[in-house]
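Trainee: give me a 3D structure for the following:
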Amino acid sequence: MRNIFKIIYPLIAVLWPCIIQPVTLWSKDDIQNFGPGLNATIEQDSARVGDIVELRFEYRLPEGANLPQESKIKGIEGLAPVGRHAEPGLIRIRFLIDTLGIWKTGALSLSYIDEKGNSKVLTADPVSLTVTSNLGDRPAEGELKPIQDIIPTSPIWLKYLPWAAGVSGVLLIISALFWWYKEGSRGKPLVISQIPAHIRAKKEIEELEAQRLFEKGNVKNFYFLFSEILRRYLASLRGFPAVELTTEEIARCIESEQDRRLLTLLRQADLVKFGDRVPLPAKKEEEVKTALSYIQETSPVPETGQGKDLSRRTD
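Mentor: Below is the predicted model:
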């Protein structure tokens with residue numbers, strides 16, 4: 001009996017790790033990973049307005065299942081995606097953070113087609129992060145600082161090419177009109193119709209007000225359009241490309257005190273566009289009235305009727 005035990009014991013000692021190891025190598029989480037599932041993660045727990053964050057969707061499909069050609073993820077409606085990349089087992093979506101407070105998805109789900117051709121879904125819990133202000137802990141007291149000038153990435157002469165083409169076109173038109181007048185081919189006076197810049201700017205502001213974007217909660221969108229109208233008018237009035245410049249670059253081009261009223265409006269609009277300022281309705285109405293008053297004061301001729309402004313008669 002002792003001889004048998006001496007033979008069996010070494011065999012048990014050698015074979016026992018081989019029997020136990022396959023069981024101990026796999027943890028509970030490893031076993032669960034073989035089943036279908038969806039896991040949504042984000043690398044950070046906070047961000048600022050204007051940041052780009054990436055949401056990762058790791059998925060495991062049942063055997064024989066596959067994703068449709070255009071797989072859709074539910075729960076991200078209302079967010080602002082700016083890019084998407086997909087690879088086997090992983091979908092990465094980048095989002096623009098465009099709101100303060102808590103940035104949060106809904107209940108997440110990914111549709112797939114099982115081996116029998118039926119539509120099924122994988123689900124995951126919502127994902128969220130905290131959004132902080134770009135203007136610090138006291139955004140109401142913050143001021144926008146001048147940014148560095150934009151570094152050109154193309155030859156400087158390309159910037160002035162459209163202006164040169166425009167001047168050439170105007171000279172060509174003037175030459176043609178002069179020749180036509182000299183030849184006297186027609187007895188009727190020439191009528192050139194155009195909408196003056198101040199009338200066009202007022203009309204654009206009135207149409208913007210009629211959309212009621214501010215009242216519907218689209219405050220940033222309203223101020224983006226409002227600022228663009230004022231910049232276009234300033235460009236036509238003073239002869240520099242205000243639409244292409246930052247507010248601080250515009251400030252360096254302004255010489256009259258009259259234009260500084262408009263500069264204040266542009267800076268207030270920037271606080272809404274790029275910060276978290278939300279003006280009261282009364283403040284918004286005051287800024288619109290200030291803009292209309294500025295346009296009225298800088299009009300080239302008194303407004304005695306739109307019909308006279310829309311056409312100019314040349315003898």
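Trainee: make it CA atoms for all contacts and neighbour counts henceforth
Mentor: OK.
Trainee: hmm, who's touching the helix or strand harbouring Ser111?
Mentor: Element membership of Ser111, judged by DSSP states H and E, is strand 108-113. Contacts to strand 108-113, defined as CA atoms under 8 Å, 6 or more residues apart in numbering, come from residues 38, 61, 65-68, 71-76, 119-126.
Trainee: helices or strands next to the helix or strand harbouring Phe178 in the packing?
Mentor: Per DSSP H and E: Phe178 is located in helix 156-183. If you count contacts as 3 or more CA pairs under 8 Å, 6 or more residues apart in numbering; DSSP states H and E, helix 156-183 packs onto no helix or strand.
Trainee: now do that helix, average pLDDT.
Mentor: Throughout helix 156-183, pLDDT has a mean value of 79.
Trainee: what's the answer for stretch 43-52, then?
Mentor: 86.
Trainee: list the buried residues for it?
Mentor: Burial within stretch 43-52, assessed by neighbour count using 16 or more other CA atoms under 10 Å, is assigned to 47-50, 52.
Trainee: poorly predicted segments of this protein, please.
Mentor: For the chain, the stretches flagged by pLDDT under 70 are 1-34, 134-157, 182-193, 301-315.
Trainee: could you pull out the helices in it for me?
Mentor: 2-25, 28-32, 156-183, 197-211, 219-238, 247-253, 257-274, 281-297, 306-310 (DSSP state H).
Trainee: export the fourth one as PDB, just CAs?
Mentor: As requested, C-alpha coordinates have been extracted for helix 197-211 and formatted as PDB (Å, rounded to 0.1, in the frame of the first residue of the first chain):
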ATOM      1  CA  ALA A 197     -26.000  99.500 -46.700                       C
ATOM      2  CA  HIS A 198     -28.000 101.200 -43.900                       C
ATOM      3  CA  ILE A 199     -31.400 100.200 -45.300                       C
ATOM      4  CA  ARG A 200     -30.100  96.600 -45.800                       C
ATOM      5  CA  ALA A 201     -28.700  96.400 -42.300                       C
ATOM      6  CA  LYS A 202     -32.000  97.700 -40.800                       C
ATOM      7  CA  LYS A 203     -34.000  95.200 -42.800                       C
ATOM      8  CA  GLU A 204     -31.800  92.300 -41.700                       C
ATOM      9  CA  ILE A 205     -32.200  93.300 -38.100                       C
ATOM     10  CA  GLU A 206     -36.000  93.500 -38.500                       C
ATOM     11  CA  GLU A 207     -36.000  90.000 -40.100                       C
ATOM     12  CA  LEU A 208     -33.800  88.600 -37.400                       C
ATOM     13  CA  GLU A 209     -36.200  90.000 -34.700                       C
ATOM     14  CA  ALA A 210     -39.200  88.500 -36.600                       C
ATOM     15  CA  GLN A 211     -37.600  85.000 -36.300                       C
END
